[in-house]
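1. sharing a sequence plus its predicted fold:
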Amino acid sequence: MKKLFVFIMLVFFQSYFAQDLEQSSSKQSSFALLQPITVTIGGDFILTGSFTSSRNQRLDHFVTSVFAKAQENVMRGLNKPETIKLVMKEFDRYALRDITMKRVNGDILKIDLLKFRLNGDFSNNPYLMQDDVIIFPASDYERNFVDISGAVNKPIKFQFVEGDKLSDAITFAGGINPAFENVTEVEISRITENGNNEEIVKTSISKNPLLIRGDRVTVLYNDNFKKPYKVLVLGEVGRPGYVYITKGSTTLRQVIIKAGGFTKQADLKRTELVRGTDNTQTLKLKAIRNHYEKDSTGTTLPVLQVRIEELLTEENRLSRTSNLTAEEFQTSLAPDLYLKMNDPKDLIDFSEIFSDSSYAGNTIVYEGDIIVVPTYMNSIYVFGQVKNPGYVKYESGKDWKYYLEKAGGYTERAKDESEVRVIKGDSKTWLEVEDKYLLESGDMIYVPKTLPRDFAYYIQQIGSISSIVSTIVTLTFIIIQSTK
């Protein structure tokens, strides 16, 4: 019995001390992992030298930490957006591939952090060890590159490393885009050293050929036209909003029908089809609006400057061979040119849209087009020098004087009634009130203002007239003297 008791006690103490030794060893191991180690960065990196790390830190985490700290220190002293942008561009130029890791035991590892970040293979992201030396290669994306585009998710130009295959390039490009069907071939463009000659290599993806420095890879595909083609219909229709269309075959009539047709309040005379992607200027305006809405730093000005330069360039092209005076150009052609570039619309008679043989109904609509159907106001807008400017209910057969009276009549600053103008609501044409025409709902009546003239103005006019008279008298005297 005593022997059995002694045996049990021996087993107990052996188990207890073994567990204690295991815990002690584990604590020592954890403590060792937390002990600082020294790692050296060399080569073409933004910051080189020896840095403190730990054995439980992987290479990518270490490099990212050193990079972020260096970036923070540099950015702290910068405040101009342009300078910050340039510095950021320089920071992002270090290589992620073909990194050499030298270990104190003589081992040399080749690291590809770009692959690790894409596929999570930890063989390209090892734990650090005491006295590791990490050497970054030179980064030259202008000469040492492979460029891939076509049926891939993310066209990219990446750093070339000897041994790269087509499969590597496709991986770096995010894989084959599933929107394209039956993608089986690639075309590799290789140019000679002088850049004058090109070799085209067409091969299948399954062969996975080796690439060479400077290859430009196109993953071939047949374009897929399954795209969200749509136009925007606004205003007086049954279902305003986006209407889906086909590529180059949906008519304006079909769009209006899909949008629920016109309401009873629709003003078809003022309804407009504004072109989208068929007019590059509309896209430029959209880009400017988007840039302005997203940007709160005030750097929109350069974009607006480009837009102004485009307008001036178009003006110069038209004025180069014209016979217009500078005043005629600025007061007449320039406003029309601005509208031409910024108000692209088709002249459509929407009242005929449901006629099978009409041009309006059979007009083809395209992606990005906008149809605006305003509300029929049944009114005339009177403004300018009237006592109560605003909308006056339209009465069929009434002339312009009726609407002026409804607006309270002239103010003291109003010009003579011969200067009153009617502006047509659909065409924006200005007409003299003496002309015989029919007022329609949506038209506008404008009463201009007599500008006040001070004493200095009349003195200036007298001076100008006196100068002209003096010049004429002088010329006459010279002519008389020369004929004697």
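-> Perfect, I can see it now.
2. would you map the strands across the stretch 1-150 of the chain?
-> Here the stretch 1-150 of the chain has its strands, by DSSP state E, counting those that start in this stretch, at 36-43, 49-54, 99-102, 108-111, 133-136, 145-150.
3. for the protein, give me the ranges with low pLDDT.
-> For the chain, residues meeting the criterion pLDDT under 70 lie at 1-34, 80, 82-92, 276-347, 435-437, 452-458, 460-461, 463-464, 477, 481-484.
4. phi, psi of the residue lying closest to Val386 once chain neighbours are set aside?
-> Nearest residue to Val386, sequence neighbours excluded (CB to CB, 6 or more residues apart in numbering): Ala407, at 4.2 Å. Quick note: C-beta positions are derived from backbone N, CA and C, even for glycine. When read as degrees, to the nearest 10, the backbone of Ala407 gives phi -90, psi 10.
5. buried ones in stretch 420-438?
-> Using 16 or more other CB atoms under 10 Å as the test for burial, stretch 420-438 gives Val420, Arg421, Val422, Ile423, Lys424, Gly425, Val433.
6. list the contacts of the closest residue to the fifth one other than its chain neighbours.
-> I take that to be Lys424. Counting by CB to CB, 6+ apart, Lys424 lies nearest to Asp443, which is 5.7 Å off, once chain neighbours are set aside. Neighbouring residues of Asp443 by CB atoms under 8 Å, 6 or more residues apart in numbering: Ile380, Tyr381, Val422, Ile423, Lys424, Gly425.
7. now with 10 Å?
-> Each residue near Asp443 by CB atoms under 10 Å, 6 or more residues apart in numbering is listed here: 379-382, 394, 400, 403, 422-426, 429, 431, 437.
8. of all those, which comes closest to Gly43?
-> Asp426 (70.5 Å; CB to CB).
9. touching, the closest one and Arg270? I think so.
-> Yes - applying CB atoms under 10 Å, one finds Asp426 in contact with Arg270, separated by 5.5 Å.
10. mutual contacts of these two, please.
-> Between them, Asp426 and Arg270 share the contacting residues Gly442, judged by CB under 10 Å, 6+ apart.
11. phi and psi next, for the closest residue to Val274 other than its chain neighbours.
-> The shortest distance from Val274 to any non-neighbouring residue, by CB to CB, 6+ apart, is to Ile370 (4.5 Å). Dihedral pair for Ile370: phi -130, psi 130, per degrees, to the nearest 10.
12. tell me, how many residues neighbour Ile370?
-> A count of nearby residues for Ile370, using other CB atoms under 10 Å, gives 16.
13. so it sits against Pro240, correct?
-> No - using CB under 10 Å, Ile370 is not in contact with Pro240; the gap is 11.4 Å.
14. what residues do the two have in common as contacts?
-> Counting by CB under 10 Å, 6+ apart, the contacts common to Ile370 and Pro240 are Leu232, Val233, Leu234.
15. now these: which count as buried?
-> Neighbour-count burial (16+ other CB under 10 Å) applied to these gives Leu232, Val233.
16. closest to Leu451 out of the shared contacts of Ile370 and Pro240?
-> For the shared contacts of Ile370 and Pro240, the residue nearest Leu451 by CB to CB is Leu234; the value is 39.2 Å.
17. who's in contact with the closest one?
-> Shown in contact with Leu234 (CB under 10 Å, 6+ apart): Pro240, Gly241, Ala259, Val274, Ile370, Ile371, Val372, Val373, Pro374.
18. again, but for Met377
-> Met377 is in contact with Gln265, Asp267, Arg270, Tyr391, Lys393, Tyr394, Gly425, Ser441, Gly442, counting by CB under 10 Å, 6+ apart.
19. how about a cut-off of 7 Å?
-> Met377 makes contact with Tyr391, Ser441, Gly442 under the criterion CB atoms under 7 Å, 6 or more residues apart in numbering.
20. picking up where we left off before, in strands only, show me the contacts of Leu234.
-> Those of the contacts of Leu234 mapping onto strands are Gly241, Val274, Ile370, Ile371, Val372, Val373, per DSSP state E.
21. distance check, the residue nearest to Lys424 against Ile212.
-> Distance of Asp443 to Ile212, given as CB to CB, to the nearest Å: 72 Å.
22. same thing with Val231?
-> According to CB to CB, Val231 stands 47 Å off from Ile212.
23. same drill for those two, tell me which one is more crowded.
-> Using other CB under 10 Å as the criterion, Val231 and Ile212 rank with Val231 on top: 23 against 12.
24. settle this for me: that one is touching Tyr244, isn't it.
-> No - Val231 is beyond contact range of Tyr244, at 8.6 Å (criterion: CB atoms under 7 Å).
25. quick one: strands adjacent to whichever strand or helix holds Lys202?
-> Taking DSSP states H and E as the criterion, Lys202 maps to strand 198-204. Strand pairing for strand 198-204, using DSSP bridges, gives strand 185-191 (antiparallel).
26. for the partner strand, buried residues please.
-> Glu185, Val186, Ile188.
27. so for stretch 38-53, first residue to last residue, what's the gap.
-> This stretch, stretch 38-53, spans 6 Å end to end (CA to CA, to the nearest Å).
28. repeat that for stretch 113-128.
-> End-to-end distance of stretch 113-128 (CA to CA): 14 Å.
29. mind listing what's buried in that stretch?
-> Within stretch 113-128, the residues that qualify as buried are Leu113, Leu114, Lys115, Phe116, Leu118, Asn124, Asn125, Pro126, Tyr127, Leu128, counting by 16+ other CB under 10 Å.
30. so how far is it off the chain centroid?
-> Stretch 113-128 sits 34 Å away from the centroid of its parent chain (CA atoms, centre = their mean, to the nearest Å).
31. run the chain-centre distance for the strand holding Lys202.
-> Between the centre of strand 198-204 and the centre of its chain there are 34 Å (CA atoms, centre = their mean).
32. can you name the next helix or strand after that strand?
-> strand 216-219.
33. mind listing residues that contact that following strand?
-> 146-152, 169, 176, 183, 186-189.
34. what do you get for stretch 198-212?
-> With CB under 7 Å, 6+ apart, stretch 198-212 has contacts from 146, 164-167, 169, 184-191.
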